[in-house]
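Peer 1: Here is a sequence together with a model predicted from it:
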Amino acid sequence: MHEYLVILKDWVISLGEKHGVDPLFLGSLYLISKVSLFSFLGWVVKNIRAKKPFVMPLLLACISFCVPYTYIIIFGRNISLWVYAFIGLTFCYGIYTVWKVVTAKPKDLTKAANEAKL
C-alpha cells in the first residue's frame with residue numbers, strides 16, 4: 001500500500017511540474033476557498049433572513065469560490081482545453097448554486113443552503 005501512495009505522490013508532483021502549479025499550494029487554496037465559501041454563504045443567508053444587505057458577503061463568496069481555479073488559469077501552462085471547459089462548467093454551476101440560495105424563499109433558505117453544500 002505504501003508503494004502506491006509513493007507512486008501517487010510522485011505522479012501528482014510530476015503533474016504540478018509539467019503544468020507549472022504547486023499541487024500542495026493548489027490543494028491548500030482549494031480547501032481554504034471552500035471553507036470560506038460556505039462561511040460567506042452562511043453570512044448571505046443570515047443577512048437575507050434579517051433583511052440586511054447581502055451583496056458584500058455574496059461577492060466575497062464568489063471570489064472565494066474562484067480562487068483555486070484562477071490560480072490554475074493564471075499560472076498553469078500546457079493545460080488541456082477540457083480542463084478549461086471543466087473550470088467554466090464549475091463556474092456556471094457555482095453561479096447557479098449561489099443564485100438558487102439567494103433567490104430562495106425565506107422558509108426554503110435552510111434547505112437551499114444545505115443543497116449548496118452538496
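Peer 2: Ah, there it is. The model shown is predicted, which means the values in this text are computed figures rather than measured ones. Numbers count the residues shown, from 1 in each chain.
Peer 1: Could you check how many residues crowd around the residue lying closest to residue 18 once chain neighbours are set aside?
Peer 2: When the adjacent residues along the chain are set aside, residue 18 lies closest to residue 78, with 6.5 Å between them (Cβ to Cβ, 6 or more residues apart in numbering). Where C-beta positions appear, they are placed from N, C-alpha and C, glycine not excepted. Taking other Cβ atoms under 10 Å as the neighbour definition, residue 78 ends up with a count of 7.
Peer 1: Likewise for residue 49?
Peer 2: Taking other Cβ under 10 Å as the criterion, the count of residues near residue 49 is 12.
Peer 1: Give me the secondary structure label for the residue nearest to residue 18.
Peer 2: Three-state call for residue 78 (DSSP: H, G, I helix; E, B strand; the rest coil): coil.
Peer 1: Just to check, it is in contact with residue 17?
Peer 2: No: when contacts are counted by Cβ atoms under 8 Å, residue 78 is not listed as touching residue 17 (10.8 Å).
Peer 1: about what we covered before: please name the residues that touch the residue nearest to residue 18.
Peer 2: Contacts of residue 78 were listed using Cβ atoms under 8 Å, 6 or more residues apart in numbering, and they are 18, 19, 20.
Peer 1: What helix or strand is the first one located in?
Peer 2: Under the assignment given by DSSP states H and E, the secondary-structure element containing residue 18 is helix 2-19.
Peer 1: Cheers, nothing more for now.
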